[in-house]
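Student: Predicted model and sequence follow; I will ask about them next.
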Amino acid sequence: MEPRSSLETELNDFVHKFELKTRPHQKKQFLCQANCTESLDGPEGYQRCLESCSTHMVQVSHAFERELQAFQNQFLRCGKGCEDKVKQESGLGPSAQLDQRHEGAFRACIDRCSAEQTVLIPAMARRMDDLLKRQ
């Protein structure tokens, strides 16, 4: 399988598995929020109850977004490095566009980036699993 396809497959699999792992936590949040409707507190107390129930999943969601953003940023930096490397090796200026003559070297470099990123997914999954376990 081509490294870029493998990266996409592994990342999609990670996202899907993580979403499935969050469902019991979401259920707990929803049940907690349902119990808030039985409270005789006023609107402020009701709102505090709802927010208290969702705190953990909000934290998980933010952490998940940060992980994916960092992962994407790292891949983009690697890709930019590939572009710079190919331009330097071929004598092109920094503002020049890559053409078909340089496409093979660029793709090979991007494939290396993809392979490197794919290796990082299990560690990212472990960090997210650890976060889900904390309550």
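Tutor: Arrived safely. Residues are numbered from 1 along each chain as shown.

Student: only C-alpha atoms for contact and neighbour calcs from this point on.
Tutor: OK.

Student: longest single helix anywhere in this structure?
Tutor: Scanning the chain for the longest helix, with DSSP state H as the assignment, gives helix 43-90.

Student: Relative to the whole chain's centre, how far out is that helix?
Tutor: Chain-centre distance of helix 43-90: 6 Å, with C-alpha atoms, centre = their mean, to the nearest Å.

Student: I'd like to know which elements the helix or strand following it is packed against.
Tutor: Following helix 43-90 in sequence order, the next helix or strand is helix 100-133 (DSSP states H and E). Using 3 or more C-alpha pairs under 8 Å, 6 or more residues apart in numbering; DSSP states H and E, the elements in contact with helix 100-133 are helix 3-36, helix 43-90.

Student: pLDDT wise, what is the nearest residue to residue 67 once chain neighbours are set aside at?
Tutor: Distances taken as C-alpha to C-alpha, 6 or more residues apart in numbering put residue 124 closest to residue 67, at 7.1 Å, once the chain neighbours are dropped. Residue 124 is assigned a pLDDT of 95 by the prediction.

Student: How much space separates residue 124 from residue 108?
Tutor: 25 Å (C-alpha to C-alpha, to the nearest Å).
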